[in-house]
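Asks: Make a model of this:
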Amino acid sequence: MTSQKIGGRRRRSPGFTIGLTLIALILFSGLFALGSWQVYRLAWKRDLIARVDARIHAAPVPAPRSATRDDEYRRITASGHFLHDKAVLTQAVTVRGPGFWVMTPLVTDAGFTLMVNRGFVPQDNRTRYSRPQGTVQIVGLLRLTEPKGGFLRSNDPAAGRWYSRDVAAIAAAQHVAPPVADYFVDAGANCTPDTAPVGGLTVVRFPNNHLQYAITWFILAAMVAGAYIFLMRRDPEDSAE
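Replies: Numbering: from 1, shown residues only. Okay, here's the model as predicted:
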């Protein structure tokens, strides 16, 4: 019962008013909380983008033996020699089209092995790429390992099919002697851009739609508040006609 007549005039019942208030309060609180969460996420994302941008443009530091999420996209450098006979190709889709990343172990002068993504090779040129001998020095971006596989595709080491750059799995499948760093490096661009493998194709992009989401949730919360005020101010006699 939404209203009742008192003294010849129709008034809202207390139960209806309390119920409507509770529903409006729950909806408003939930929508406002979602908007506030997106504001928090916006600040976090902007801080993340700023920190990553600083790492990318900083001077390279010596490659560490292990890395955490706070090290991702840091510029690092290492010297050593490649183990080309233990390289694998992992599936890649780049601005140059579909193909493969050339993942090659680098035995560093620091006493550990580092998996290096030397760059991209197209599908029809997967075996024709440079294999430098002797001591080399690489500079690139530190990347965290990509365990298990790609989207809806699992790595198949036995068949030599790799859909992600899973450092531990690649090292085990290729019998790379430990210690092996728990991350890999995206090598920088080559001095000759058209020489395969083509490095420097790392895409550093973080979707940042939190402001739009926050505005949407706050607008919905305002609409709930507006609808509640409208219904509470509306004369019950009007709704009864």
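Asks: what are the ranges of the helices in this protein?
Replies: 14-56, 167-173, 210-233, 236-240 (DSSP state H).
Asks: Averaged pLDDT, the third one. What do you get?
Replies: Think helix 210-233. Per-region confidence: helix 210-233 scores 92 on mean pLDDT.
Asks: again with stretch 143-161
Replies: pLDDT averaged over stretch 143-161 equals 88, rounded to a whole number.
Asks: mind saving the C-alpha coords of it as PDB?
Replies: Taking only C-alpha atoms (Å, rounded to 0.1, in the frame of the first residue of the first chain), the coordinates of stretch 143-161 have been written out as PDB:
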ATOM      1  CA  ARG A 143      60.000  -7.800 -19.000                       C
ATOM      2  CA  LEU A 144      58.300 -10.200 -16.600                       C
ATOM      3  CA  THR A 145      57.900 -13.800 -17.700                       C
ATOM      4  CA  GLU A 146      54.600 -14.900 -19.400                       C
ATOM      5  CA  PRO A 147      53.800 -18.300 -17.900                       C
ATOM      6  CA  LYS A 148      51.700 -21.000 -19.500                       C
ATOM      7  CA  GLY A 149      50.800 -19.500 -22.900                       C
ATOM      8  CA  GLY A 150      48.700 -17.000 -24.800                       C
ATOM      9  CA  PHE A 151      45.000 -16.400 -24.900                       C
ATOM     10  CA  LEU A 152      43.200 -19.700 -25.300                       C
ATOM     11  CA  ARG A 153      46.500 -21.400 -26.300                       C
ATOM     12  CA  SER A 154      48.900 -23.200 -24.100                       C
ATOM     13  CA  ASN A 155      52.600 -23.600 -24.800                       C
ATOM     14  CA  ASP A 156      53.600 -27.000 -26.200                       C
ATOM     15  CA  PRO A 157      57.300 -27.400 -25.500                       C
ATOM     16  CA  ALA A 158      57.400 -30.900 -26.900                       C
ATOM     17  CA  ALA A 159      56.200 -29.800 -30.300                       C
ATOM     18  CA  GLY A 160      58.200 -26.500 -30.200                       C
ATOM     19  CA  ARG A 161      55.100 -24.400 -30.200                       C
END
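Asks: Now do the buried residues in that stretch.
Replies: The neighbour-count criterion (16 or more other CB atoms under 10 Å) identifies 143, 144, 145, 146, 149, 155 as the buried residues of stretch 143-161. From N, CA and C alone the C-beta is placed, and that goes for glycine too.
Asks: Can you tell me what sits against it?
Replies: With contact meaning CB atoms under 8 Å, 6 or more residues apart in numbering, stretch 143-161 is reached by 67, 69, 72-73, 88, 91, 117, 162-170, 172-173, 182-186, 202.
Asks: Mean neighbour count, the helices of the chain: which tops it?
Replies: Among the helices of the chain, helix 167-173 has the highest mean neighbour count (mean count of other CB atoms under 10 Å), at a mean of 19.
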